[in-house]
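Engineer: Here is the input, now give the coordinates:
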Amino acid sequence: MYNITMNDLMGLLPYAPIIAVVITVLVVMIAIAVKRSHMVTGTVTVVGLNIGLFILIGQMAGIIESGTVLPSAEQLFVIDNFAQFNMVVIFVCALACCTLSYAYLANLKDNKDELYLLMLLSTIGALLMVSAQHMASFFMSLEMLSVPLYGLLSYTYMRNRSLESGLKYLVLSATASATLLMGMAFIYAEVGALGFKPISMMLSNLFESPLLILGAAMMMFGIAFKLSAAPFHMWTPDVYEGAPAPIATFLASVSKVAMMALAVRFLIDTALLALPSVQMLLMVMATLSILVGNLLAIRQTSLKRLLGYSSIAHMGYVLIVIVSIGTAADSISSMYMAVYAFTSIGAFGVVTLMSSPYRLSGEADELTHYQGLFWRRPVLTAVMTIMMLSLAGIPLTAGFITKMFAILAAVQGTNWFLAAMIILGSAIGLFYYLRVMLTLFKRPKQFIEFDVAGQWGIRTGGIMVIAVTAIIVFFGILPNSMIELASLARIW
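Structural biologist: Model prediction:
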């Protein structure tokens, strides 16, 4: 019989924030079994996520013991500065999504509690993804993030679009996972190692191996699907449009941050980024993502589809950072994804607040639903306007700072074509972001189909959306603190 020693417990200390979320899942399951209560389930979920976040911040600040076990290349997971920074972003985004879900589900005539359970499980997968440094942990954590999303996307199953959204993501995600797994098999067959660091040590002898290049390409295809990078983007607008608004928020924030962090660690730690074929593949994906995402967004009348195409373009900007500066991309990509996630929460948060309580008729999805919003909800209009300006990269918003760093990264890597693509993409994006803002200030419609509650600003979801807006503006005006925090997000 194996006896747990004090050293074993000390080895678990770095994973304390994740363990806090696992315990929260168990408590929520017990609470549901004892008595169904939307308020109790929602409260326990938010309290558990807050505890995990406070433990993590305490460990980063040195207030709480974080263990003394040194990272090893043979471990499945590693909790370094890069992982901790992205875990903080994931915790904040998950809290925001749970908060938005509470008001959204208030009048749903069905069980609400399982949504929080699925969201917590998916959050655990995201937290594990940012700390994975082994092919086995890569795949397991990715599937732990993805599988609960199938149920979350189809949660409002009375709407056909929600069911369609879940089914499309299920089929296409399974295909991407199979491609990813096959790529891992090819790399293992050639290299004989599954850890990221051991793979990098073997690459010098196998630099031109066709099997290695094929495996790396298949893995990049699977990663590109999860990131919704072109040409593997076709699922994104349909899934965003059909998903319940809080789950679309979760997909645009938690899922994207976790996948990008895992992709960055995988490419840097395995040294596959040094392969010319992988660099060329990333350049093509980045260029296509910027062009396809921005050009197709121009034609959209659905706000959720527009934000879906916008996300494709933004993934292209981050891929340019990765391919331009290589091993130095960890901190800039983390900062970009954090700002993008918070901006997505603000934009989708407005959609969620306008769409709740839950209606069978659909959500406040069309741009016409927001026509003249300024004349009755000026604060909410200010929130959406700032989010659009940040996505467009306009000065005095955090989005401007991150886009400027993306251009500087491309210039530093002497990739002038890619730097020009960021500028061109931003110019095209400005058109449809301004169209959304103009709609908000048009003459109001006589018949109002969707509106927020009169006291939305003092409710939990409203306070959270306003807080995210304040963060975007604060970091846009005073970016030094954001840059200093992001500079700590380095892979060990």
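Engineer: Helices along the stretch 251-400 of the chain, start to end?
Structural biologist: 256-269, 276-297, 303-325, 329-355, 378-392, 398-412 (DSSP state H, counting those that start in this stretch).
Engineer: Which one, of those helices, ends up nearest to residue 211?
Structural biologist: helix 276-297 (12.4 Å; Cβ to Cβ). C-beta coordinates here come from the backbone N, C-alpha and C atoms, glycine included.
Engineer: quick one: the closest one to helix 398-412, angle?
Structural biologist: Here helix 276-297 runs at 140 degrees with respect to helix 398-412, directions being taken by axes from the mean of the first three to the mean of the last three Cα atoms, to 10 degrees.
Engineer: residues of helix 276-297 that come out buried?
Structural biologist: The neighbour-count check on helix 276-297 (16 or more other Cβ atoms under 10 Å) flags 277-279, 281-283, 285-294, 296-297 as buried.
Engineer: and the angle from that helix to helix 303-325?
Structural biologist: Helix 276-297 and helix 303-325 are oriented at 150 degrees to each other (the same axes, to 10 degrees).
Engineer: Which secondary structure elements does helix 276-297 sit against?
Structural biologist: If contacts are counted by 3 or more Cβ pairs under 8 Å, 6 or more residues apart in numbering; DSSP states H and E, helix 276-297 sits against helix 210-227, helix 303-325, helix 416-440.
Engineer: Tabulate those (JSON lines), appending distance to residue 263 and mean pLDDT.
Structural biologist: Below are the helices and strands packed on helix 276-297 laid out as JSON lines (distance: least, Cβ to Cβ, whole Å; pLDDT from 0 to 100):
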{"stretch": "helix 210-227", "distance to residue 263": "5", "mean pLDDT": "91"}
{"stretch": "helix 303-325", "distance to residue 263": "8", "mean pLDDT": "93"}
{"stretch": "helix 416-440", "distance to residue 263": "17", "mean pLDDT": "93"}
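Engineer: Can you tell me which of those is most buried?
Structural biologist: Of all these, helix 303-325 carries the top mean neighbour count, a mean of 27, counting by mean count of other Cβ atoms under 10 Å.
Engineer: Where is the longest helix in this structure?
Structural biologist: The single longest helix within the chain, with elements called by DSSP state H, is helix 160-191.
Engineer: before we move on, the earlier item: possible to save the helices of the stretch 251-400 of the chain as CSV with distance to residue 201?
Structural biologist: As requested, the helices of the stretch 251-400 of the chain are arranged in CSV below (distance: least, Cβ to Cβ, whole Å):
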stretch, distance to residue 201
helix 256-269, 11
helix 276-297, 17
helix 303-325, 21
helix 329-355, 20
helix 378-392, 41
helix 398-412, 27
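Engineer: Figure out which of those is closest to residue 62.
Structural biologist: Of all the helices of the stretch 251-400 of the chain, helix 329-355 comes closest under Cβ to Cβ, at 20.2 Å.
Engineer: tilt between that closest one and helix 416-440?
Structural biologist: Angle, helix 329-355 to helix 416-440, by the same axes, to 10 degrees: 20 degrees.
Engineer: angle of helix 329-355 against helix 378-392?
Structural biologist: Using the same axes, to 10 degrees: helix 329-355 against helix 378-392 is 150 degrees.
Engineer: just checking, what packs against helix 329-355?
Structural biologist: So helix 329-355, by 3+ Cβ pairs under 8 Å, 6+ apart, packs with helix 81-104, helix 245-250, helix 256-269, helix 303-325, helix 378-392, helix 398-412, helix 460-477, helix 480-487.
Engineer: Among those helices, show me which one is buried the most.
Structural biologist: In terms of average neighbour count - mean count of other Cβ under 10 Å - the standout among those is helix 245-250, at a mean of 30.
Engineer: Low-confidence regions, the stretch 51-200 of the chain specifically.
Structural biologist: Applying pLDDT under 70 to the stretch 51-200 of the chain flags the ranges 66-74.
Engineer: switch the cut-off to 90
Structural biologist: 59-81, 100-114, 154-164, 190-200 (pLDDT under 90).
Engineer: circling back: which among the helices and strands packed on helix 329-355 is found nearest to residue 197?
Structural biologist: helix 256-269 (5.8 Å).
Engineer: Can you list the helices and strands that the closest one packs against?
Structural biologist: Using 3+ Cβ pairs under 8 Å, 6+ apart, helix 256-269 sits against helix 81-104, helix 113-129, helix 135-153, helix 196-202, helix 210-227, helix 303-325, helix 329-355.
Engineer: what residues does the fourth one touch?
Structural biologist: By Cβ atoms under 8 Å, 6 or more residues apart in numbering, the surrounding residues in contact with helix 196-202 are 73-74, 133-135, 187, 191-193, 265-266, 269-272.
Engineer: Quick check: the farthest pair among those residues?
Structural biologist: Of all the pairs that the contacts of helix 196-202 form, the one spanning the most space (Cβ to Cβ) is 192 and 265, at 20.8 Å.
Engineer: Can you report how many residues lie near residue 176?
Structural biologist: Residues lying near residue 176 (other Cβ atoms under 10 Å) number 20.
Engineer: circling back to that earlier point, pull out the buried members of the contacts of helix 196-202.
Structural biologist: Buried among these (16+ other Cβ under 10 Å): 73, 133-135, 187, 191, 193, 265-266, 269-272.
Engineer: quick check, nearest of these to residue 93?
Structural biologist: Closest to residue 93, out of all of the buried ones among the contacts of helix 196-202 and judged by Cβ to Cβ, is residue 265, at 18.7 Å.
Engineer: Settle this for me: that closest one is touching residue 82, isn't it.
Structural biologist: Yes - Residue 265 is within contact range of residue 82, at 6.9 Å (criterion: Cβ atoms under 8 Å).
Engineer: Which neighbours do the two have in common?
Structural biologist: By Cβ under 8 Å, 6+ apart, residue 265 and residue 82 have these common neighbours: 130, 330, 491.
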